[in-house]
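[1] Test case, fold it:
(chains A and B)
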Amino acid sequence: MGLQVKDVVLELGDGDQKITALDHVSFGIAAGELLAVLGPSGAGKSSLLAVCGGLRHPTSGTVVIGDKELTAMHDSQLTRLRLKSIGFVFQQSNLISSLTSLDQLMLMVHLGGHRPTKADRDHAMALLRSVDMAHRANRLPDQLSGGERQRIGIARALMTKPSLLLVDEPTSMLDRVRGRQIVELLSEQCHQHQVAAVMVTHDRSMLDAADRSLHIVDGRIQEAAVSATN
Amino acid sequence: MFLALRDLAFAKGRFLLMSMIIALVAFLMTLLSGLASGLIKNNISGLMALDVTHLAFEYNDRPNYRNSMVEREMWEGWRDAEGVLAAEPLGHTLFTARSPEGLPLDDVVLWGVEPGSFLEPEVVLGEPLKGPDDGVIISALLANKHDVKLGDVIVLDRVLTKLKVIGITNEQNIGHVPVIYTPMRKWQEATYGPPGGPPPGESLPGILFDYASVIALQLTPDADIESVDIEWGTVTMDKQSAYEASLGYKEEVQTVKMIQGFMVVISALVIGAFFTIWTIQRTQEIGLVKALGGSSAYLLRDTMAQALILMLLAVGVGTFFAVWLGLSLEESGKPFMLVRDNIAGSSGLLIVAGLIGSMVSVRLITRIDPIIALGRTR
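    Numbers count the residues shown, from 1 in each chain, chains lettered A, B, ... in the order given. Here you go, the predicted structure:
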């Protein structure tokens, strides 16, 4: 199993401001499987990604990636886990403005405390080719279109060969055609690299690219909405 | 330094502007350091040139060159003490003087030294001291400023003593006043004798020649200074402390050091403010790097490396231009002196201050929550 989420509760705020962002959420996905998470704004989709990515400690419940349980880890262990085992694709692509496309990927090697080798560079170029961005390897983010930036974001997320890919609204800044291309690329990469992936989206038309989907409302998974889409 | 170098290249304009500010501070710091050294040189170059380890003053709570008067038995007593390699009387009197044409020469300090003793300066032009009536050696400052040449006769106001210039030494001043080296006996006549010297056919009483201002000492490290001071009623200072007995020296050094201190603080604040704003502007990217698995330690190392590169380059450029300007100031005879150790010290201080300033951003970096990379807090 790539990711196992069990009975996770996430409460945010204190006193009168306290809200339950995730309410006894449980699900699991296997390696090579793309799970789409749907839900209205404020339903808890991003909170789910934050908990799965070790960016938030759940109030209760467990999150296991491979054989590692996140809930027992402290911040520095979670940081290392994110680097080695989790790939993030963000809503607005979130590239570093001073880095070229290739450097966005090489950054992941530097963050691991290593000097990049030729093999690292070859791997990065191979990933750029796989997202059809090798010809833009030396471009800065502001020289790329929204779709191109998102492709670089996907390649970067795969650079450390993670076991889990967390994708946050990858199509929200793109038109329908480009959005479709990105989701299909994600699905393809996910299957090709045998990475378990959770993709948060509000766009129902993208569901057919996912292997399964679940619907979340007010922090709860709607049982009836968990379905296989392919 | 992966991110640091790329950020520097990417935000060239911003870093260039900051570098210019730091370079300007470094430029001013180096000039100030040169000015401080120049002021010190201008104030105490005469003392610095003395081949002594210590100076013994007549006992006083606040001894200085003008209120000290030592007797023959005191310097002879010092000569006989253990650990004393040499002891010589040194006379110090401030006079106003006139040029051979009768024009005022500003103040001069008349130093009385025994001809041939270790106190006699090396001449760059002319001859060394001889007998009491054979002439004096003047500081180059006096020679250059007032065009006094070998063979000219300087007249001391009030006492009307005539001094024939037989030698010129390097610039040697005390309290910013040029020194005239005169044979001890001549100094004693000018200082303690009647104006114009003794009446024709008469000589001055011998007791006049038993006094000087201070005792110049060459001591071994094991000399028992305290005991000899008690025995002969003196207060002895090492050479460095004796500088402070020069008029205005301590205050000048304090003032310059205070200005330098302010500049260090200002540069630390400016650099701290820059890196704080820079870090705030990069909050989203720092959060992103953390979300991707970058540790705070990695980001802090990167930020400090960035600050260090910026500081080294900017301080290097600023110091280079200051040294370039300083060399021409030195040549022009202004009170300015480039001292390598002082320049290195002030530059190093500036770099350290900059790094301390940039550490303000450390707290900001450690507090940035990687969840901001998701664009929302829920």
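[2] Would you mind naming what in chain B lies close to chain A?
    B:2-3, B:6-7, B:9-11, B:284-285, B:288-295, B:298, B:369-371, B:373-376, B:378 (C-beta under 8 Å from any C-beta of the partner chain). Every C-beta, even on glycine, is put in place using the N, C-alpha and C of the backbone.
[3] In chain A, where is pLDDT below threshold?
    Residues of chain A that meet the criterion pLDDT under 70 lie in A:1, A:93, A:223-230.
[4] Which single residue in it comes nearest to chain B?
    Distances between chain A and chain B by C-beta to the nearest C-beta are smallest at residue A:83, namely 2.4 Å.
[5] I'd like to know how far the residue nearest the centre of chain A sits from residue B:72.
    For chain A, the residue nearest the mean C-alpha position is residue A:166 (1.5 Å; C-alpha atoms, centre = their mean). Distance, residue A:166 to residue B:72, by C-beta to C-beta, to the nearest Å: 95 Å.
[6] longest single helix anywhere in chain A?
    Criterion DSSP state H: the longest helix present in chain A is helix A:176-192.
[7] Strands along the stretch 1-150 of chain B, start to end?
    Remark: strands assigned in the stretch 1-150 of chain B by DSSP state E, counting those that start in this stretch are B:54-58, B:70-71, B:84-98, B:104-113, B:123-126, B:136-139.
[8] partners of the shortest one in the sheet?
    Spelled out, that is strand B:70-71. strand B:211-212 (antiparallel) (DSSP bridges).
[9] for the longest one, same thing?
    Here strand B:84-98 has these sheet partners by DSSP bridges: strand B:104-113 (antiparallel), strand B:153-156 (antiparallel), strand B:214-219 (antiparallel).
[10] okay if I get those as JSON lines plus mean pLDDT and mean neighbour count?
    Listed next are these as JSON lines, based on pLDDT from 0 to 100; neighbours: other C-beta atoms under 10 Å in any protein chain shown:
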{"stretch": "strand B:104-113", "mean pLDDT": "89", "mean neighbour count": "21"}
{"stretch": "strand B:153-156", "mean pLDDT": "91", "mean neighbour count": "19"}
{"stretch": "strand B:214-219", "mean pLDDT": "96", "mean neighbour count": "25"}
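[11] mind checking how far residue B:79 is from residue B:216?
    11 Å.
[12] Quick check: neighbours shared by these two?
    Shared contacts of residue B:79 and residue B:216 (C-beta atoms under 8 Å, 6 or more residues apart in numbering or on different chains): residue B:87.
[13] Chain A: helices as residue ranges?
    Under DSSP H, chain A gives helices at A:45-52, A:75-85, A:101-111, A:118-130, A:146-158, A:176-192.
[14] And the contacts of the last one?
    Among residues not part of helix A:176-192, those counted as contacts by C-beta under 8 Å, 6+ apart are A:32-34, A:89, A:130-131, A:146-147, A:150-151, A:154, A:158, A:165, A:167, A:170-171, A:174, A:195-197, A:199, A:201, A:203, A:205-206, A:209-211.
[15] And for the second one?
    Residues from elsewhere that reach helix A:75-85 (C-beta under 8 Å, 6+ apart): A:53-55, A:65-66, A:68, A:70, A:73, A:88, A:108, A:111-112, A:160, A:162-164, B:290-295.
[16] Kindly report the same for the fourth one.
    Outside of helix A:118-130, the residues within contact range by C-beta under 8 Å, 6+ apart are A:101-102, A:105-106, A:109, A:114, A:134, A:136-137, A:152, A:155, A:158-159, A:189, A:192.
[17] before we move on, what about the third one?
    Under the contact criterion C-beta under 8 Å, 6+ apart, helix A:101-111 has outside partners A:83, A:95-96, A:99, A:115-116, A:120-121, A:124-125, A:127-128, A:133, A:136-139, A:141, A:144, A:152-153, A:155-156, A:159-160, B:2-3, B:6, B:289, B:292-295, B:298.
[18] Look through chain B and state the residue closest to chain A.
    residue B:293 (2.4 Å).
[19] Skip the chain neighbours and tell me the closest residue to residue B:184.
    What sits nearest to residue B:184 in space, not counting adjacent residues and going by C-beta to C-beta, 6 or more residues apart in numbering or on different chains, is residue B:112, at 4.3 Å.
[20] any idea how far residue B:145 is from residue B:346?
    Distance, residue B:346 to residue B:145, by C-beta to C-beta: 29 Å.
[21] do the same with residue B:154
    Using C-beta to C-beta, which is the criterion applied here, residue B:154 is 13 Å from residue B:145.
[22] now swap in residue B:367 and tell me
    Distance, residue B:367 to residue B:145, by C-beta to C-beta: 62 Å.
[23] Next, count neighbours for residue 81.
    I went with chain A, as the question did not name one. Applying other C-beta atoms under 10 Å in any protein chain shown, we find 20 residues neighbouring residue A:81.
[24] Correction: the question concerned chain B.
    Residues contacting residue B:81 under the criterion other C-beta under 10 Å number 18.
[25] pretty sure it is in contact with residue B:220, am I right?
    No - Residue B:81 is beyond contact range of residue B:220, at 10.7 Å (criterion: C-beta atoms under 8 Å).
[26] circling back to that earlier point, and the contacts of helix A:176-192, which are buried?
    Among the contacts of helix A:176-192, those classed as buried by 16 or more other C-beta atoms under 10 Å in any protein chain shown are A:33-34, A:89, A:130-131, A:146-147, A:150-151, A:154, A:158, A:165, A:167, A:170-171, A:174, A:195-197, A:199, A:201, A:203, A:206, A:209-211.
[27] Let's see which of the residues you listed end up in strands.
    Per DSSP state E, strands hold the following members of the buried ones among the contacts of helix A:176-192: A:34, A:89, A:165, A:167, A:196, A:197, A:199.
[28] Could I get those residues in CSV, plus columns for distance to chain B?
    Converted to CSV, these look like this (distance: C-beta to the nearest C-beta, whole Å):
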residue, distance to chain B
A:34, 19
A:89, 11
A:165, 13
A:167, 11
A:196, 17
A:197, 16
A:199, 14
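[29] Pull the most distant pair out of these.
    Comparing every pair within those by C-beta to C-beta identifies A:89 and A:196 as the most remote, at 13.6 Å.
[30] what sits in contact with each of these two?
    Between them, residue A:89 and residue A:196 have residue A:165 as joint contacts when contacts are counted by C-beta under 8 Å, 6+ apart.
[31] Now do the most centrally placed residue in chain B against residue B:26, distance only.
    For chain B, the residue nearest the mean C-alpha position is residue B:40 (3.1 Å; C-alpha atoms, centre = their mean). Per C-beta to C-beta, residue B:40 is found 21 Å from residue B:26.
[32] how about the residues of chain A near chain B?
    By C-beta under 8 Å from any C-beta, the residues of chain A that approach chain B are A:12, A:21, A:42, A:44, A:46-47, A:49-50, A:53, A:55-56, A:76, A:79-84, A:86, A:88, A:90-92, A:94, A:96-99, A:103, A:106-108, A:110-113, A:140, A:156, A:160, A:168.
[33] which of the residues you listed are buried?
    Among the residues of chain A next to chain B, the ones that count as buried by 16+ other C-beta under 10 Å are A:12, A:21, A:44, A:46-47, A:49-50, A:53, A:55-56, A:79-83, A:86, A:88, A:90-92, A:94, A:96, A:98-99, A:103, A:106-108, A:110-112, A:140, A:156, A:160, A:168.
[34] Could you tell me how many residues sit around residue B:114?
    17.
[35] measure it to residue B:341 for me?
    From residue B:114 across to residue B:341, the span is 34 Å (C-beta to C-beta).
[36] show me what contacts residue 136?
    Since you didn't name a chain, this refers to chain A. The contact partners of residue A:136, taken as C-beta under 8 Å, 6+ apart, are A:101, A:128, A:143, A:144, A:148, A:152.
[37] my question was about chain B
    For residue B:136, counting by C-beta under 8 Å, 6+ apart, the contacting residues are B:129, B:154, B:163, B:164, B:165, B:166, B:167, B:180, B:181, B:182, B:183, B:186.
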